[in-house]
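Visitor: 3D, please:
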Amino acid sequence: MIYMDYAATTPVDGRVFEAMQPYFSASFGNPSSVHRYGQIAEAAIDTAREKVASVLGCRVDEVIFTSCGSESDNLALRGAALAMREKTGASWIITSHVEHHAVSKTAEQLEKYYGFQVEWLEVDENGMVTPEAVKKAVCDKTALVSVMYANNEIGTINPIRAIAEICRKNNILFHTDAVQAAAYLPVNVDALGVDMMSLGGHKFYGPKGVGALYIRKGTLLIPHLTGGGQESGFRAGTQNVPYIVGFAEALWLANEEREKRTAHVRPLRDRIIGSVLETIPDSQLTGHLESRLPNHASFVFKDVDGNLLLQLLDSAGFACSSGSACKTGNPEPSEVVTSLGLTRDWALGSLRVTLGVDSTVEYVDEFLKTLPTLVNKARQLGSNS
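Guide: Numbers count the residues shown, from 1 in each chain. Predicted structure coming up:
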């Protein structure tokens, strides 16, 4: 099998695994315990937090560890919306339909059950949220704006700094979901200007089941997991020491090796985009051509069932994705693809190809040799059904 779904998840880096190992067995203490076992575990978390803070360019106490990027999104949106309404009476949330479901479904729940109002931002033909759209939407009743740094499904990078400046001028909290972005884009929080930022370990060669939320000092949040006082009172529960250690190591490595990793995947991505558009009729790139993640190629093919194409690719030895990994198996086109204004005969035929450290020219060429035949086969099977 040739793996081409690095946006869904990545294998754990050997160096990350090595850093985690002692905390499963030899140093297994509960970091809340007073004895030496607990102190060793607590010291490991402190070191991990310092490592993450150094990458983000923030204070150590502004880093909160969570179970994943989705939990970080939930804590940011729900916690900030409730806190801001209590403080100022603001009850509007601004976000877009191209967000990860961890953001959009949370916004919908806040509207349905908590009495908030959600304003959905329009995106341009590349799936980008423009600063102009945000400027038009904000008002004195806005509690929170949430716009993702880079889109997991179509790879488009949003102008986060410009959006943050609009929010800052209007005294509105700004959250960004950087789960997909952190593997390849700089995540210095002051350079980005964000108040909150979500990260997930398994997108940059760390373990699954661990994430982080950056919360700018002074930002009010109501915790959604209550109990002990862990994570500065923002997130109760015994900390997952080995995973937190692994998360920090993986993020640090992603930051250190960013240029090298980008230089490896970008030419391969460009090779895929150029070849697919040239060799497959009725194919279209989704997302921005230039302002996109360096490892990310995504397409729609007219009159193709995206899930059938995935099955054909899998049988041929290629692991890819149709849009968001969380949408797999759903015959409806995703909100991200429909937000681009595509008709159903195009929108159902989405394919996402994402690259990583083990991708090679040989793998890419093998894929490009196979794909046109399989797209043609999917079209024939579709027209016969």
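
Visitor: Any buried residues in stretch 212-221, and which?
Guide: 212-216, 219, 221 (16 or more other Cβ atoms under 10 Å). C-betas here are computed from N, CA, C, even on glycine.

Visitor: Please enumerate the helices of the chain.
Guide: Along the chain, the segments classed as helices by DSSP state H run 14-20, 36-56, 69-88, 101-114, 131-137, 160-169, 189-192, 241-256, 258-279, 306-315, 335-339, 344-347, 361-384.

Visitor: What is the neighbour count of Phe234?
Guide: Phe234 sits with 19 neighbouring residues when counted by other Cβ atoms under 10 Å.

Visitor: no wait, Ser359
Guide: For Ser359, the tally of surrounding residues (other Cβ under 10 Å) stands at 22.

Visitor: again, but for Cys167
Guide: Neighbours of Cys167 (other Cβ under 10 Å): 23.

Visitor: Could you report the separation of it from Leu173?
Guide: 7 Å (Cβ to Cβ, to the nearest Å).

Visitor: okay, and the common contacts of these two?
Guide: Common neighbours of Cys167 and Leu173 are listed as 145, 195 (criterion: Cβ atoms under 8 Å, 6 or more residues apart in numbering).

Visitor: these two touch, right, Ile93 and Glu119?
Guide: Yes - using Cβ atoms under 8 Å, Ile93 makes contact with Glu119 at a distance of 7.3 Å.

Visitor: OK, contacts around Phe174?
Guide: Phe174 touches 144-147, 163-164, 167-168, 193-196, counting by Cβ under 8 Å, 6+ apart.

Visitor: Please name the bridge partners of it.
Guide: Beta-bridge partners of Phe174, counted by DSSP bridges, are Val145.

Visitor: Kindly provide the distance from Ala143 to Gln109.
Guide: Counting by Cβ to Cβ, the gap from Ala143 to Gln109 is 15 Å.

Visitor: Neighbour count: these two, which is higher?
Guide: Neighbour count, other Cβ under 10 Å: between Ala143 and Gln109, Ala143 has more, with 25 against 15.

Visitor: one step back: could you dump the buried residues of stretch 212-221 into TSV with pLDDT and distance to Thr338 added?
Guide: Shown next, in TSV, are those (pLDDT from 0 to 100; distance: Cβ to Cβ, whole Å):
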residue	pLDDT	distance to Thr338
Ala212	98	31
Leu213	98	29
Tyr214	98	31
Ile215	98	33
Arg216	98	34
Thr219	97	33
Leu221	96	32
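
Visitor: Would you mind splitting this structure into its domains for me?
Guide: Annotated domains of the chain cover 2-8+258-384, 14-256 [automatic domain parsing].

Visitor: Just name the most buried of these.
Guide: Stretch with highest mean neighbour count among these: domain 14-256 (a mean of 20; mean count of other Cβ atoms under 10 Å).

Visitor: ok now that one, how far from the chain's centre?
Guide: Counting by Cα atoms, centre = their mean, to the nearest Å, domain 14-256 is centred 10 Å from the centre of its parent chain.

Visitor: How much space separates Ser232 from Gly155?
Guide: For Ser232, the distance to Gly155 - Cβ to Cβ - is 34 Å.

Visitor: my bad, Arg266
Guide: For Arg266 relative to Gly155 (Cβ to Cβ), the value is 12 Å.

Visitor: Equivalent analysis for Val276, please.
Guide: 14 Å.

Visitor: now the buried residues of stretch 212-221 as CSV including distance to Leu374?
Guide: Conversion of these to CSV gives the following (distance: Cβ to Cβ, whole Å):
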residue, distance to Leu374
Ala212, 39
Leu213, 40
Tyr214, 42
Ile215, 45
Arg216, 47
Thr219, 48
Leu221, 47
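
Visitor: and which of these is nearest to Lys260?
Guide: Nearest to Lys260 among the buried residues of stretch 212-221, counting by Cβ to Cβ, is Ala212 at 23.3 Å.

Visitor: now the closest one, nearest residue through space, not along the chain?
Guide: Leu199 (4.7 Å; Cβ to Cβ, 6 or more residues apart in numbering).

Visitor: residues in contact with Asn295?
Guide: So Asn295 contacts 6-7, 183-184, 265-266, 268-269, 354-356, 359 (Cβ under 8 Å, 6+ apart).

Visitor: could you dump those to TSV with distance to Ala83 and pLDDT?
Guide: Listed next are these as TSV, based on distance: Cβ to Cβ, whole Å; pLDDT from 0 to 100:
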residue	distance to Ala83	pLDDT
Tyr6	35	98
Ala7	32	97
Ala183	30	98
Tyr184	32	98
Val265	39	98
Arg266	40	98
Leu268	44	98
Arg269	40	98
Thr354	36	98
Leu355	40	98
Gly356	38	98
Ser359	43	98
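
Visitor: got those residues as JSON lines, with distance to Asp13 columns?
Guide: Below are the contacts of Asn295 laid out as JSON lines (distance: Cβ to Cβ, whole Å):
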{"residue": "Tyr6", "distance to Asp13": "13"}
{"residue": "Ala7", "distance to Asp13": "17"}
{"residue": "Ala183", "distance to Asp13": "11"}
{"residue": "Tyr184", "distance to Asp13": "15"}
{"residue": "Val265", "distance to Asp13": "15"}
{"residue": "Arg266", "distance to Asp13": "20"}
{"residue": "Leu268", "distance to Asp13": "19"}
{"residue": "Arg269", "distance to Asp13": "21"}
{"residue": "Thr354", "distance to Asp13": "17"}
{"residue": "Leu355", "distance to Asp13": "16"}
{"residue": "Gly356", "distance to Asp13": "11"}
{"residue": "Ser359", "distance to Asp13": "15"}
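
Visitor: For the stretch 201-350 of the chain, give me the ranges with low pLDDT.
Guide: 323-331 (pLDDT under 70).
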